[in-house]
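J.: would you be able to build a 3D model of this:
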Amino acid sequence: MSEHKDFGEVVELIIKEDGRFDKGAYYFVRQGLDHTLRNLDNEPGGHPRHVSGQELLEGIRDYAHNQYGPMAYSLLDHWGIRRCDDFGEIVFNLVEYGVLGKTENDKKEDFSGGYDFREAFLKPYLPKNSKGELHPEQS
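T.: Below you'll find the model as predicted:
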């Protein structure tokens with residue numbers, strides 16, 4: 001970006017061009033990235049290292065559970081995020097607008113096939129029977 005814009009202004013510009021995701025989705029991904037960076041080892045000298053698509057997916061899942069627990073699935077759906085590929089779309093929109101950087105090896109496909117949303121965000125909160133197994137109608 002040639003001009004310095006704050007994150008909120010950039011998100012407003014993005015959603016005018018690409019309305020697939022609610023602005024909350026962009027803030028969530030940004031916070032998920034910050035969470036991921038805090039939990040990864042830094043490069044020598046304390047500089048944050050590059051985060052791969054798969055690392056970001058894992059960090060986002062962890063962040064969603066920590067922040068929103070059983071509401072994560074519903075919130076993500078409300079924001080228009082329904083699969084891991086959607087995280088890639090959001091990340092690359094932010095890259096295109098100069099908010100995030102990428103290496104020449106990074107691509108949207110890095111976010112494909114990460115995990116099933118129902119398994120990742122719903123299943124951990126479904127009631128289990130006395131043996132710790134999910135009820136048959138919930139599996």
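J.: which non-adjacent residue is nearest residue 87?
T.: In space, residue 87 comes closest to residue 111 once its chain neighbours are excluded; the distance is 5.2 Å by CB to CB, 6 or more residues apart in numbering. Yep, even glycine has a C-beta here, placed from its N, CA and C like the rest.
J.: for that neighbour, give me its contacts.
T.: Residue 111 makes contact with 53, 56, 57, 84, 85, 87, 88, 91 under the criterion CB atoms under 8 Å, 6 or more residues apart in numbering.
J.: would you map the helices across the protein?
T.: Taking DSSP state H as the criterion, the chain contains helices spanning 7-17, 23-39, 53-68, 72-78, 84-96, 117.
J.: okay, buried residues for the longest one please.
T.: If you call a residue buried by 16 or more other CB atoms under 10 Å, then helix 23-39 has these buried ones: 25, 26, 28, 29, 30, 32, 33, 35, 36, 37.
J.: got those residues as JSON lines, with distance to residue 5 and pLDDT columns?
T.: Listed next are the buried residues of helix 23-39 as JSON lines, based on distance: CB to CB, whole Å; pLDDT from 0 to 100:
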{"residue": "25", "distance to residue 5": "18", "pLDDT": "98"}
{"residue": "26", "distance to residue 5": "13", "pLDDT": "98"}
{"residue": "28", "distance to residue 5": "19", "pLDDT": "98"}
{"residue": "29", "distance to residue 5": "17", "pLDDT": "98"}
{"residue": "30", "distance to residue 5": "14", "pLDDT": "96"}
{"residue": "32", "distance to residue 5": "21", "pLDDT": "97"}
{"residue": "33", "distance to residue 5": "18", "pLDDT": "95"}
{"residue": "35", "distance to residue 5": "23", "pLDDT": "95"}
{"residue": "36", "distance to residue 5": "23", "pLDDT": "95"}
{"residue": "37", "distance to residue 5": "22", "pLDDT": "91"}
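J.: which entries within the contacts of residue 111 meet the buried criterion?
T.: Looks like those have 53, 56, 57, 84, 87, 88, 91 buried, using 16+ other CB under 10 Å.
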